[in-house]
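# I'll drop the sequence and a predicted model, then ask my questions.
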Amino acid sequence: MNGYRFSIAQPDDDTQLRARMAADWIEGAVALSLRREPSYFAASRLQGAMQTIVCREAATDAIVATLARSVATVLLDGVPQRAALVSDLRVDRAHRGRGLVARLFGELRALHEAEPLPCYTLVYEDNEAALRSLASGRPGMPRLRRFSRLQTHALHLGARRRPPASTQAAIRRARPDELPEIVRFLATQRTGGAWAPVIGVDDFEPGGRCDTLRAEDFFLALGDGRIRATIAAWDQAPLRQAHVERYARPIAWARPAYNLVAALRGRPLLPTLRARLAYVYLAFIAAENDDAALCAALWDHVRGALGGERWMHALAALDEHDPLQRAFDGYRATRSAVLCFEILFDAERAPAPPAGRPRVEFALT
């Protein structure tokens, strides 16, 4: 194990970090790479103030493994607290099986001991290799305590259509001057939740976590002179992207015919290999009194407005017990699940789990 060195990534590591992200794929019927172009560090601000632990092969100085710790403010037990999101666990295939994951978590433990914070991570439910590695019980590995299962919906967007009229509320895009009111509404809706991000108007200013999300990207349901529900359509492609690396053989064979029909119907095409998958996050999904019917009416309006050739999917993710899940039932979608865990470095003295419904904002992880 002396053939490796560990350190915190610096700005001049950006090229290697972007290459590392592009090289590691999420396998499945469609293999994807999750990339951060044109800048790893610029994209990382979505998650918070990030420190990325890098493992270098001593002989070549190449970065062969990474693990990131991002600090931001969330609500826990109704109180804003700084917390650390752990992400970007990547190990080059040629260097797997050499104990690098445990070494990375040892470095993470040192960061935690220098600044103890509530700590959490997200893992796709079907990523069995990652789950086995994180729950291995090897010396130096922390304990995981699950607190949420996010149901994700990659909702298929068809051709653009006129958004339907709603009988429940007036629905429209937000105006720039309404951003402070939107921020206040979201704060009131998340008061009793756990792990919800604390967001201010300054987060939407240049350099902020949400500076690629405009007020006009929010869709609002309004009634009695106030905001009653929100959904933001957030295109994060200027910062991070998913690229198609491989299609399973049946999809590869069907792709030309699918694209011919899609072109005739004005729908997005399945991309070529190495091309970006066109999708948009549905973020900051909230409704007064957890009104699923109102949220469904708002989503139907959003779906009509987003259809066309720009995006193929809209990605929504909510805790499986969130009442607003029902708003997305019955729509054509590819569905999966993401598990959310607290990372406990001292399991014997771990605090009780935070109270309240988990409200992790997937677009900020």
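Sure, I can see it.

# tell me the buried residues in the helix or strand harbouring Ala84?
For Ala84, the host element (DSSP states H and E) is strand 79-91. Counting neighbours by 16 or more other CB atoms under 10 Å, one finds that the buried residues in strand 79-91 are 83-91. No exception for glycine: its C-beta is placed from N, CA and C like everyone else's.

# same question for stretch 312-329.
312-319, 322, 324-325, 327-328.

# which one of those sits closest to Val183?
Within the buried residues of stretch 312-329, the smallest distance to Val183 is 19.1 Å, found for Leu324 (CB to CB).

# got a list of what the spatially closest residue to the closest one that is not a sequence neighbour touches?
Closest residue to Leu324 apart from its sequence neighbours, by CB to CB, 6 or more residues apart in numbering: Cys295 at 4.9 Å. Neighbour list for Cys295: 221, 229, 231, 285, 287, 324, 327 [criterion: CB atoms under 8 Å, 6 or more residues apart in numbering].

# pLDDT averaged over whatever helix or strand Arg20 lives in - what is it?
In this structure, Arg20 is located in helix 14-23 according to DSSP H and E. Helix 14-23 comes out with an average pLDDT of 95.

# which stretches of this protein aren't confidently modelled?
1, 136-137, 159-168, 266, 309 (pLDDT under 70).

# for the stretch 251-365 of the chain, which segments are assigned as helices?
292-306 (DSSP state H, counting those that start in this stretch).

# about what we covered before: select only the buried ones of the contacts of Cys295 in ChimeraX?
Here is the ChimeraX selection string for the buried members of the contacts of Cys295, based on 16+ other CB under 10 Å:
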select :221,229,231,285,287,324,327
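
# give me the subset of the contacts of Cys295 lying in strands.
221, 229, 231, 285, 287 (DSSP state E).

# how close does the fourth one sit to Phe328?
Computed as CB to CB, to the nearest Å, the Ile285 to Phe328 distance reads 9 Å.

# tell me which residues in stretch 3-13 are buried?
4, 6, 9, 13.

# check which helix or strand the second one maps to.
With the criterion set as DSSP H and E, the secondary-structure element containing Phe6 is strand 4-8.

# partners of that strand in the sheet?
Partners of strand 4-8 in the sheet, by DSSP bridges, are strand 49-57 (antiparallel).

# list the buried residues in the strand it pairs with.
In strand 49-57, counting by 16+ other CB under 10 Å, buried: 50-57.

# now do that strand: distance to the chain's middle.
20 Å (CA atoms, centre = their mean, to the nearest Å).

# check stretch 302-310 too.
21 Å.

# go on, stretch 229-237?
12 Å.

# how about stretch 218-229?
Using CA atoms, centre = their mean, the offset of stretch 218-229 from its chain centre is 25 Å.

# quick check: angle from the helix or strand that comes right after the strand holding Ala84 to strand 49-57?
Past strand 79-91, further along toward the C-terminus, the next helix or strand under DSSP H and E is helix 100-114. Interaxial angle, helix 100-114 versus strand 49-57 (axes from the mean of the first three to the mean of the last three CA atoms, to 10 degrees): 140 degrees.

# go through helix 100-114 and flag the buried ones.
So for helix 100-114, counting by 16+ other CB under 10 Å, buried means 100-101, 103-105, 107-109, 111-112.

# list just the nearest of the buried residues of stretch 3-13 to Asp217.
Ala9 (30.4 Å).

# quick check: phi and psi at that closest one.
Torsion angles at Ala9 (phi, psi; degrees, to the nearest 10) stand at phi -60, psi 140.

# hey, what's the spatially closest residue to it that is not a sequence neighbour bridged with?
Nearest in space to Ala9, with sequence neighbours left out and distances taken as CB to CB, 6+ apart, is Thr52 at 4.1 Å. Per DSSP bridges, the residues bridged to Thr52 are Ala68.

# doesn't Ala65 make contact with Thr52?
No. Using CB atoms under 8 Å, Thr52 makes no contact with Ala65, being 10.7 Å away.

# how deep is the closest residue to Ala355 other than its chain neighbours tucked in, by neighbour count?
Of all residues not flanking Ala355 in the chain, Asp77 sits nearest, at 5.5 Å (CB to CB, 6+ apart). The local packing of Asp77 (other CB atoms under 10 Å) involves 13 other residues.

# now for Asp77: which residues touch it?
Counting by CB under 8 Å, 6+ apart, Asp77 has contacts 194, 354-356.
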